[in-house]
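Student: here's my sequence, what's the structure:
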Amino acid sequence: MFASSRKSSLFSSLFQTPHIICRGSSRNRVISGSDIAASSKVSAQWTRLGLSEKKPQEQKPAYATSDQRMASLSELKEIFRKADAVCFDVDSTVIKEEGIDELAKFCGVGDAVAEMTRRAMGGSLTFRAALTERLALIRPTREQVQALITEHPPRLTEGIKELVHKLHQRNIQVFLISGGFHSIVEHVATQLDIPLTNIYANRLKFYFNGEYAGFDETQLTAESGGKGKVIGLLKEKYGFRKIVMVGDGATDMEACPPADGFIGFGGNVTRQQVKEKAKWYITDFEELLRELDSDSIKMNHNDIFY
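Tutor: Numbering: from 1, shown residues only. Now for the predicted structure:
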């Protein structure tokens with residue numbers, strides 16, 4: 001269970017009025033039959049001359065790196081030490097629990113939601129569909145979410161507070177990217193002195209009477225591959241050259257690329273796939289602290305101090 005804490009100011013996001021977003025239709029170029037015939041004729045002429053038609057190069061995303069090969073362990077450690085930003089998953093990484101499981105237990109449907117989670121992990125559902133089904137079963141009210149955070153706030157994983165502080169000392173920005181809920185992640189960010197603007201997570205919606213009204217499906221974290229899309233957005237928005245993702249799950253590992261490095265974390269739960277495939281796999285944050293400290297010692301020997 002979470003330890004007790006009361007910070008009612010953290011629940012402002014829960015009271016936002018649900019809004020309607022209108023999507024504009026996309027514009028598609030219409031290709032006529034005459035266009036296709038003309039193109040075929042030109043291609044045939046190139047072929048008769050023994051030449052190859054030059055095809056336009058595929059445009060790479062703005063966040064794509066020049067070298068997408070898998071970094072070695074030593075290279076990954078170097079990337080971590082010199083990163084512009086480090087992004088952390090929240091559930092079972094920054095905190096000990098899975099937020100949606102705790103909310104389900106608090107609302108009395110823990111076992112049923114856990115079973116749905118196991119089925120969803122089989123890959124038969126998209127992330128959005130799985131989230132929709134589980135929340136439809138939980139149907140948390142605004143008061144229940146507030147009570148969960150107030151009575152059983154999330155427990156920080158050992159060493160994370162010190163690690164975030166050390167990263168901030170080195171002017172490395174820290175972001176929280178979660179498939180969980182913004183209201184819970186806000187509480188975590190406040191404990192770690194992370195700006196609330198550095199949170200990317202899902203938002204629950206409620207009717208005026210506090211009843212559950214769904215979740216904001218426009219958030220990048222509400223869709224499959226969302227964490228990678230967030231990292232791509234961060235690179236485009238802030239011009240970061242090196243970003244490292246840290247997390248326990250496959251969705252965290254899949255965010256690299258566009259992340260330049262991934263560090264698997266197994267301090268709270270072991271995901272076998274991540275443990276086997278991650279180039280750098282840790283079970284406590286002390287290892288990352290030691291890596292930063294060793295780098296500081298090397299820098300000090302060169303009369304450069306942080």
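Student: shaky segments in the stretch 51-200 of the chain?
Tutor: Across the stretch 51-200 of the chain, the stretches falling below the confidence threshold (pLDDT under 70) are 51-71, 118-124.
Student: please repeat the previous calculation with a cut-off of 90.
Tutor: 51-82, 92, 97-101, 108, 110-133, 153, 179-180, 183 (pLDDT under 90).
Student: list the neighbouring strands of the strand of greatest length in the chain plus their orientation.
Tutor: The strand of greatest length in the chain, counted in residues with DSSP state E as the criterion, is given as strand 173-181. When sheet partners are counted by DSSP bridges, strand 173-181 sits next to strand 85-88 (parallel), strand 199-202 (parallel).
Student: next SSE downstream of that strand?
Tutor: Beyond strand 173-181 in the direction of the C-terminus, DSSP states H and E gives the next helix or strand as helix 182-191.
Student: report the buried residues of that next one.
Tutor: Of the residues in helix 182-191, those scored as buried under the neighbour-count criterion (16 or more other CB atoms under 10 Å) are 182-189, 191. Yep, even glycine has a C-beta here, placed from its N, CA and C like the rest.
Student: what's the answer for stretch 206-215, then?
Tutor: By neighbour count, and taking 16+ other CB under 10 Å as the criterion, the buried residues in stretch 206-215 are 206, 210, 212, 215.
Student: which residues of the chain fall in strands?
Tutor: Under the criterion DSSP E, the chain contains strands at 85-88, 173-181, 199-202, 204-206, 212-215, 243-247, 261-265, 280-282.
Student: mind listing what the fifth one pairs with, with the direction of each?
Tutor: Counting by DSSP bridges, the strands paired with strand 212-215 are strand 204-206 (antiparallel).
Student: quote the end-to-end distance of stretch 217-236.
Tutor: Stretch 217-236 has an end-to-end distance of 22 Å (criterion: CA to CA, to the nearest Å).
Student: ok, back up a step: make a markdown table from the buried residues of stretch 206-215 and add distance to Ala222 and pLDDT to it.
Tutor: A markdown table is the format used below for these (distance: CB to CB, whole Å; pLDDT from 0 to 100):
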| residue | distance to Ala222 | pLDDT |
| --- | --- | --- |
| Phe206 | 17 | 93 |
| Gly210 | 22 | 93 |
| Tyr212 | 16 | 93 |
| Phe215 | 7 | 92 |
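Student: columns distance to Thr270 on top of these, output as JSON lines?
Tutor: Rendered in JSON lines, the data for these read as follows (distance: CB to CB, whole Å):
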{"residue": "Phe206", "distance to Thr270": "35"}
{"residue": "Gly210", "distance to Thr270": "38"}
{"residue": "Tyr212", "distance to Thr270": "33"}
{"residue": "Phe215", "distance to Thr270": "29"}
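Student: so which of these is the closest to Ser72?
Tutor: Nearest to Ser72 out of these is Phe215 (CB to CB; 39.8 Å).
Student: ok, that closest one - contacts?
Tutor: 131-132, 135, 202-205, 222 (CB atoms under 8 Å, 6 or more residues apart in numbering).
Student: before we move on, what about Ser92?
Tutor: Each residue near Ser92 by CB under 8 Å, 6+ apart is listed here: 98, 248-249, 268-269.
Student: report the two of those residues separated the most.
Tutor: Gly249 and Asn268 (11.1 Å).
Student: neighbour-wise, which of those two wins?
Tutor: More crowded of Gly249 and Asn268, by other CB atoms under 10 Å: Gly249, with 21 against 18.
Student: per-residue confidence at the more buried one?
Tutor: Reading off the per-residue confidence, Gly249 sits at a pLDDT of 83.
Student: my guess is it contacts Lys277. True?
Tutor: No - at 11.8 Å, Gly249 and Lys277 do not qualify as touching, with contact defined as CB atoms under 8 Å.
Student: hmm, who's touching stretch 278-287?
Tutor: Identification of contacts with stretch 278-287 by CB under 8 Å, 6+ apart yields 70-73, 76-77, 80, 157-160, 162-163, 253, 261-267, 274-275, 288.
Student: now, of these, which are buried?
Tutor: Restricting the contacts of stretch 278-287 to buried positions leaves 71, 76-77, 80, 157, 160, 163, 253, 261-267, 274, 288, with burial counted as 16+ other CB under 10 Å.
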